[in-house]
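Student: Model the following, please.
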Amino acid sequence: MQPAYYENFNEIKKKIWLMLDDAVTNRSSPFRIPVFVCGNQNDFDGRIIVLRKSDQSNNTLQYHTDIRSEKIKILKNNKNASMIFYDKEEKIQVRIKVECTINHNNDITKDSWSKTGHMSRKCYLVDNGPGAKSDIPTSGLNSELDSFKFTLEQSEEGYKNFTVIQCKIKSIEWLYLAAKGHRRAKFDLENNKDTWLVP
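Tutor: The predicted structure is shown next:
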């Protein structure tokens, strides 16, 4: 028996958002760690990010990063990017084209930072930004920070590096792998158009 979303646009959209919403709180969800791809002209690169917010009413997704990260420079030059999600068990792939907004030291980052746990703030306390060269293998943290010997108050130092990337969804491509026959659809949110595609 095929699922309700096999050949129904509304059911597909419902399923996509259920999976995205679940990924925000469910650490074992495969959708929690999508690949985020951005770049300029011929130089594109992908990396795993952690989905932190899913907002269907505003068609946005968001994640956290360090203001010193290489992708910040890239997004300042080209705000268009792509996110790729795949759930092996569900046999569902979702590719989302987005337009990114960099939030740094504003109300959005303050709100997200207040919900970021003491231990999760550790990554924003590194002396040099992600990708900086080092003469030795390192986490980028001093030994005290590396062993979590810091207070919540001390972790506030990391806020200056904390950044929230908001991703406004432009389009979604959905692929469902089924023995009976794969199904693929595209949802163009900018033009409010739903289209079936050959898988």
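Student: For the rest of this, base every contact and every neighbour count on C-alpha atoms.
Tutor: OK.
Student: so how far is the lengthiest helix in the chain off the chain centroid?
Tutor: The residue-count maximum for a helix in the chain (DSSP state H) belongs to helix 9-25. Here helix 9-25 is found 15 Å from its chain centre; the criterion is Cα atoms, centre = their mean, to the nearest Å.
Student: now for the helix or strand following it, which elements pack on it?
Tutor: Using DSSP states H and E, the next helix or strand after helix 9-25 towards the C-terminus is strand 35-40. Helices and strands touching strand 35-40, by 3 or more Cα pairs under 8 Å, 6 or more residues apart in numbering; DSSP states H and E, are strand 43-48, helix 70-77, strand 80-87.
Student: Quick one: mean pLDDT over strand 35-40.
Tutor: The average pLDDT within strand 35-40 is 95.
Student: neighbouring contacts of that strand?
Tutor: Residues outside strand 35-40 that contact it (Cα atoms under 8 Å, 6 or more residues apart in numbering) are 44-49, 71, 74-75, 77-78, 80-85.
Student: What helix or strand is the spatially most central residue of the chain located in?
Tutor: Note on the chain: the residue nearest the mean C-alpha position is Leu51, at 4.1 Å, using Cα atoms, centre = their mean. For Leu51, there is no host helix or strand (DSSP H and E).
Student: That one and Gly129: what is the separation?
Tutor: Distance of Leu51 to Gly129, given as Cα to Cα, to the nearest Å: 21 Å.
Student: quick check: longest strand of the protein.
Tutor: strand 162-176 (DSSP state E).
Student: helices or strands up against that one?
Tutor: strand 60-66, strand 92-104, helix 107-114, strand 183-188.
Student: Now stretch 172-189: buried residues?
Tutor: Ile172, Glu173, Trp174, Leu175, Tyr176, Leu177, Arg183, Arg184, Ala185, Lys186, Phe187, Asp188 (16 or more other Cα atoms under 10 Å).
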